[in-house]
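A.B. asks: have a look; sequence and predicted model below, questions after that.
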Amino acid sequence: MKKVNHEHDARSMILATGQKIMSRKGFSGVGLTEILSEAGVPKGSFYHYFASKDAFGEAMLSTYFEAYHADMDELFSKPGLTGAERLMLYFAAWRENQSAFECQGRCLAVKLGAEVADLSEPMRMALKTGTNGIISRMTRAVEDGIADGSLCVAERAADVATSLYYLWLGASVMVKIVRTHEPFETSLQSTRAMLGMTRN
């Protein structure tokens, strides 16, 4: 039993360390030696946990989105809030996370999306599954807002949620380029308009 726990801890440490480094440097710019050295895990043990760097990347993305989805579920289930209020909290958290590291952000979908989608089909699919999970949760939040009267939208909730995710994903890339929060301010105005919150 102790060995299983040790192995689980070592694997988790490699994944967490890789996520931290790659959120800054990207996937191709980071070698396994750097990750394992910072994680304090012997170099020879990497392939005990992962068949390749690509397999590690796939596991890292899946683990990242699992935690991200759990955070969304917790936020969107907060009692005493309207659907509109929950969505505004979500986008406020998005802005805070993506404003970190001098506007370089923490989101792996933003940092790695374009890069690894062209490198690895398993990693692309992990990104697709993860981002679809985000959009589906946003869709339910929009539906909740429509039901409680805090949102007023003319389009299908799924279409609105998809457009909002694309909007904020693009804004996150622009924030990295211009190194200001202006793209988020513009996105917030557009978001409120799309959700029928312009007078709230």
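C.D. replies: Received it, and whenever you're ready, just let me know what you need.

A.B. asks: low-confidence bits of this structure, can you list those?
C.D. replies: 1-8, 100-106, 198-200 (pLDDT under 70).

A.B. asks: show me where it has its helices.
C.D. replies: Listed in chain order, the helices of the chain (DSSP state H) span 2-25, 32-39, 46-49, 53-76, 83-98, 100-103, 108-117, 121-148, 157-178, 182-194.

A.B. asks: any chance of these in TSV, with mean neighbour count too?
C.D. replies: Where C-beta positions appear, they are placed from N, C-alpha and C, glycine not excepted. Below are the helices of the chain laid out as TSV (neighbours: other CB atoms under 10 Å):
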stretch	mean neighbour count
helix 2-25	15
helix 32-39	16
helix 46-49	15
helix 53-76	17
helix 83-98	18
helix 100-103	12
helix 108-117	20
helix 121-148	18
helix 157-178	18
helix 182-194	17
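
A.B. asks: now the nearest residue to residue 84 once chain neighbours are set aside: how far from residue 53?
C.D. replies: Distance criterion CB to CB, 6 or more residues apart in numbering; nearest residue to residue 84, sequence neighbours excluded, is residue 150 at 3.6 Å. Counting by CB to CB, to the nearest Å, the separation of residue 150 from residue 53 is 45 Å.

A.B. asks: and if you look at residue 25?
C.D. replies: Remark: distance between residue 25 and residue 53 (CB to CB) = 14 Å.

A.B. asks: residue 147 too?
C.D. replies: 45 Å.

A.B. asks: still on that earlier bit, show me what contacts the residue nearest to residue 84?
C.D. replies: Residue 150 sits next to 82-85, 197, 200 when contact means CB atoms under 8 Å, 6 or more residues apart in numbering.

A.B. asks: gap between it and residue 83?
C.D. replies: For residue 150, the distance to residue 83 equals 5 Å [CB to CB].

A.B. asks: kindly report the same for residue 11.
C.D. replies: Note on residue 11: its distance to residue 83, by CB to CB, is 38 Å.

A.B. asks: how about residue 132?
C.D. replies: Counting by CB to CB, the separation of residue 132 from residue 83 is 20 Å.

A.B. asks: spatially speaking, which residue is in the middle of this protein?
C.D. replies: By CA atoms, centre = their mean, the chain has its centre lying nearest to residue 107, at 4.6 Å.

A.B. asks: isn't it up against residue 97?
C.D. replies: Yes. Residue 107 is within contact range of residue 97, at 6.3 Å (criterion: CB atoms under 8 Å).

A.B. asks: residue 120 against residue 60, yeah?
C.D. replies: No. Taking CB under 8 Å as the definition, residue 120 is not a contact partner of residue 60, at 11.6 Å.

A.B. asks: picking up where we left off before, which residues touch the residue nearest to the centre of the chain?
C.D. replies: Taking CB under 8 Å, 6+ apart as the test, what residue 107 contacts is 23, 94, 97-98, 172.

A.B. asks: recalculate using a threshold of 6 Å.
C.D. replies: Contacts for residue 107 (CB atoms under 6 Å, 6 or more residues apart in numbering) come out as none.

A.B. asks: over to residue 151?
C.D. replies: 83-84, 145, 195-196.
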